[in-house]
Structures are given as C-alpha cells and as structure tokens.
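S.K.: Below are the sequence and a predicted model for it; my questions follow.
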Amino acid sequence: GAVVSQHPSRVICKSGTSVKIECRSLDFQATTMFWYRQFPKQSLMLMATSNEGSKATYEQGVEKDKFLINHASLTLSTLTVTSAHPEDSSFYICSAVTGQGNYGYTFGSGTRLTVV
Amino acid sequence: AQTVTQSQPEMSVQEAETVTLSCTYDTSESDYYLFWYKQPPSRQMILVIRQEAYKQQNATENRFSVNFQKAAKSFSLKISDSQLGDAAMYFCARGGSNYKLTFGKGTLLTVNP
C-alpha cells in the first residue's frame, strides 16, 4: 500500500532556530499533501494544503512566514518552522491524498517538535 | 463552518463486548467521504473504515462496521468482539471535493480485560 515517510520523528531545537520536517511518498506520486498540528489529547488541526509546483494554501490563523511549506516534487513536501518558539512545540503530521475519484489518505508517522 | 461532532470524549468497553462510537457531521456537498481513524499511543493514524456518501450500503471491515444515516448526517462506528488492541483514540472525519479532511475531536476508547 501507499506509504508516506516522515522525518524526523522527534526533534529538539533551541528557541530562535529553524527546523525542517520532511514528508516523502515512497511508492506513489503525491500531488496534494496536507500538514496538521496536534496538541496533546486534541484533534488534528489542518495547517495548510501543499500542492506540487504551486504555493501552499494556509488555513485561517496559520502564519505563512513562520510555517514555510515547499512541495517541489511529486514525492516530497517539507514544513519548515522558522524562528521557533516554545509555543510551537507540538506534534506535526503530514498526509497525502492517494488515488483519484475514489480517493483516500496516507499519513506520515508524525514529528514531535520540542522547542527549548 | 462545516463541522464533525463526536459527542463522546471517552468510552469504555469490556473485552469481547460491542461498543458504538457516535459521529455527526455537517456538509453542504452531495458527494463526500466519511472515515474513522484510529490513533494508538504511537500516534500513527490508522484507517479503520471508509464510507462513500453515494453508497447506501453500510461499510464493514471485519469487526468494524458503520451505521451511515445520510439524511440525519450520522456516521457511527460499531466495534464487535472488542480486543485489548482496539484501545486508542478514534477520530471521525469527513472529506469533500477539495480533499480537505475535517476531524472530530475524538473519542478515547478504553478496553477493559
């Protein structure tokens, strides 16, 4: 089945630095990917939609300059958290749309970001 | 806003028994998909079951089945013969024409031995 590889699984960074999270589709082409944020014991909150070859579409309230999304190829989407602060600490998950018409989703395994 | 509502923050079930998790949703679209996802402590999202809105027949996957009531916009999940490995957070989600998934707040399921 379709697999999305997400790295790193855990990262600790210092306040003010930037962190890049990668999501790679291993055996299919992912035209559209989504990035979510999940706080402890809460649901997944959609941050942005990433489309290959075009600018990402951000949900209301998500800072575009803080959460940079790049989807330069059909198999790779990246999320860069710039100038990270402790309040950016969270669990970030990507997902890719699989199939056309009768579609589904494949999720990455998530990245736990801790900003100290 | 088009929402997905899970009214049960927590549920518990005895091993081998049956439990039903509820979900209601709101949408203005006629063509959409509904999903139940399981998130164990590893936090990997695992697809449990999927239902196309245009299909009247309720989806089933082994011990998991849904009761899809389109007019009532209801999509409950029934887990039969519950197992210890079923313990997890369960999310109901709706996908529409823009492929965006809207998630409910989740139901934490505990399975008692």
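M.R.: Good, I have the coordinates.
S.K.: residue ranges with poor pLDDT in the chain?
M.R.: Chain wasn't specified; assuming chain A. Using pLDDT under 70 as the threshold, the predicted model of chain A has low-confidence ranges A:100-102.
S.K.: oops, chain B please
M.R.: Per-residue confidence for chain B (pLDDT under 70) gives these ranges: B:1.
S.K.: what is the residue nearest to the spatial centre of it paired to in the beta sheet?
M.R.: For chain B, the residue sitting closest to the mean C-alpha position, by Cα atoms, centre = their mean, is B:Trp36 at 3.3 Å. With beta bridges defined as DSSP bridges, B:Trp36 has these partners: B:Ile49, B:Cys92.
S.K.: what's the closest non-adjacent residue to the residue in chain A positioned nearest to chain B?
M.R.: Closest residue of chain A to chain B, Cβ to the nearest Cβ: A:Phe107 (3.9 Å). C-betas here are computed from N, CA, C, even on glycine. If you skip the residues right next to it in sequence, A:Phe107 has B:Met45 as its closest partner in space, 3.9 Å away by Cβ to Cβ, 6 or more residues apart in numbering or on different chains.
S.K.: Just give me the neighbour total for that neighbour.
M.R.: For B:Met45, the neighbour count with other Cβ atoms under 10 Å in any protein chain shown is 25.
S.K.: ok now do it, which residues does it touch?
M.R.: Taking Cβ atoms under 8 Å, 6 or more residues apart in numbering or on different chains as the contact definition, B:Met45 lies against A:44, A:93, A:95, A:107, B:37-39, B:91.
S.K.: closest to B:Asn62 among those?
M.R.: Among these, B:Lys38 lies closest to B:Asn62 (Cβ to Cβ), at 13.1 Å.
S.K.: Let me see the backbone angles for B:Leu84.
M.R.: Backbone geometry at B:Leu84, expressed as degrees, to the nearest 10, gives phi -60, psi -30.
S.K.: How many neighbouring residues does it have?
M.R.: When neighbours are counted by other Cβ under 10 Å, B:Leu84 registers 10.
S.K.: What distance do you get for it to A:Pro40?
M.R.: According to Cβ to Cβ, to the nearest Å, B:Leu84 stands 23 Å off from A:Pro40.
S.K.: and if you look at B:Met89?
M.R.: Distance of B:Met89 to A:Pro40, computed by Cβ to Cβ: 11 Å.
S.K.: So the two - more neighbours on which side?
M.R.: Neighbours were tallied for B:Met89 and for A:Pro40 using other Cβ under 10 Å; the higher tally belongs to B:Met89 (20 against 6).
S.K.: Let me see the contact set for the more buried one.
M.R.: Neighbour list for B:Met89: B:38-40, B:106-109 [criterion: Cβ under 8 Å, 6+ apart].
S.K.: cool, A:Ala2 as well?
M.R.: When the contact criterion is Cβ under 8 Å, 6+ apart, the partners of A:Ala2 are A:25-28, A:96, A:98, A:106.
S.K.: Please apply the same query to B:Val48.
M.R.: When contacts are counted by Cβ under 8 Å, 6+ apart, B:Val48 touches B:35-38, B:61, B:64, B:77, B:90.
S.K.: Likewise for A:Ala72?
M.R.: Here A:Ala72 is in contact with A:52-53 (criterion: Cβ under 8 Å, 6+ apart).
S.K.: strands paired with whichever helix or strand it is part of, and their directions?
M.R.: Secondary structure assignment for A:Ala72, by DSSP states H and E: strand A:67-73. For strand A:67-73, the paired strands and their directions (DSSP bridges) read strand A:76-81 (antiparallel).
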